[in-house]
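Enquirer: Sequence first, predicted model second:
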Amino acid sequence: MPMQVEEKAADWLKETQKGYIRIAVLILLNKKPHHGYEMMKAVDERTSGFWKPTAGGIYPILQDLENSGYITGEWDKETKRKRKIYQITKTGKKVLERTLEKESQLVNTIANLFKEYMKDVLDVEVNQKEFMKTPFAIFLEEGKCKPEDSKSVLEHKRSQLEKMIKNMQEQMLQINKQLSQIEKKEKTKQEEK
């Protein structure tokens, strides 16, 4: 049974990733036309290797988007290499805009739930803007992510997590002290009886 659960979770995450890559492709094409390899490379670079689309993953997505009328593709006649250049359509732009609105609502809802949990259960205040961003922020930013940008972003995230961990550790010490005091009082009451 546990293996089935692991496999199902992996399947769901794979489907989610396909959806995210679909949106990332539309964002990239909204900026300028690309061919498949350029999009694979851009997704890999902008996610610091977290998403590494393969040809077997990206081209079916491009075909589906093209069949749906969200993008169009034309064979490049200017180069000797046989490659298709894709661009977003008006319908694709509308779908992208609405998808990003919905995704933003989802991210805000999840961030509020996490913030509530952190405050109510862990008694930790969190700056929501730093806590959770849309996964597409890296695609919406202008220009390409440079390796040093990725390093600084990761260092900032690490710093934020270290602060949160330190705060949680301090909270745990306080909770342990309070529990110890309560247990001592209960033990004293038991002994008095």
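Expert: Perfect, thanks for sending it.

Enquirer: so how far is Gly49 from Thr109?
Expert: Separation of Thr109 from Gly49 (C-beta to C-beta, to the nearest Å): 28 Å. Heads up, the C-betas are built off the backbone N, CA and C, glycines and all.

Enquirer: Check Leu173 too.
Expert: Relative to Gly49, and taking C-beta to C-beta, Leu173 is found at 37 Å.

Enquirer: Just give me the neighbour total for Ile58.
Expert: Neighbourhood size, Ile58 [other C-beta atoms under 10 Å]: 19.

Enquirer: I'd guess it is in a strand, am I close?
Expert: No: counting by DSSP: H, G, I helix; E, B strand; the rest coil, Ile58 falls outside a strand, being helix.

Enquirer: wait, doesn't it sit right on Ala24?
Expert: No: under the criterion of C-beta atoms under 8 Å, Ile58 is not in contact with Ala24, lying 10.0 Å apart.

Enquirer: Can you list the low-confidence ranges for this protein?
Expert: 1-3, 123-124, 126-154, 156 (pLDDT under 70).

Enquirer: Okay, helices next: where are they in it?
Expert: Counting by DSSP state H, the chain has helices at residues 2-31, 36-46, 55-67, 90-120, 128-131, 137-140, 147-192.

Enquirer: closest to Lys84 out of these?
Expert: Closest approach to Lys84 among the helices of the chain (C-beta to C-beta): helix 36-46, 7.0 Å.

Enquirer: thinking again about what came up before, deepest in the core, which of the helices of the chain is it.
Expert: Sort the helices of the chain by mean neighbour count, taking mean count of other C-beta atoms under 10 Å, and helix 36-46 sits at the top with a mean of 18.

Enquirer: can you pull the alpha-carbon coordinates of that one into PDB?
Expert: Written as PDB, here are the backbone C-alpha positions of helix 36-46 (Å, rounded to 0.1, in the frame of the first residue of the first chain):
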ATOM      1  CA  GLY A  36      11.700  24.200 -28.300                       C
ATOM      2  CA  TYR A  37      15.300  23.900 -27.300                       C
ATOM      3  CA  GLU A  38      15.400  27.600 -26.300                       C
ATOM      4  CA  MET A  39      12.400  27.100 -24.000                       C
ATOM      5  CA  MET A  40      13.900  24.000 -22.400                       C
ATOM      6  CA  LYS A  41      17.100  25.900 -21.800                       C
ATOM      7  CA  ALA A  42      15.300  29.000 -20.400                       C
ATOM      8  CA  VAL A  43      13.200  26.900 -18.000                       C
ATOM      9  CA  ASP A  44      16.300  25.100 -16.800                       C
ATOM     10  CA  GLU A  45      18.300  28.300 -16.300                       C
ATOM     11  CA  ARG A  46      15.500  30.300 -14.700                       C
END
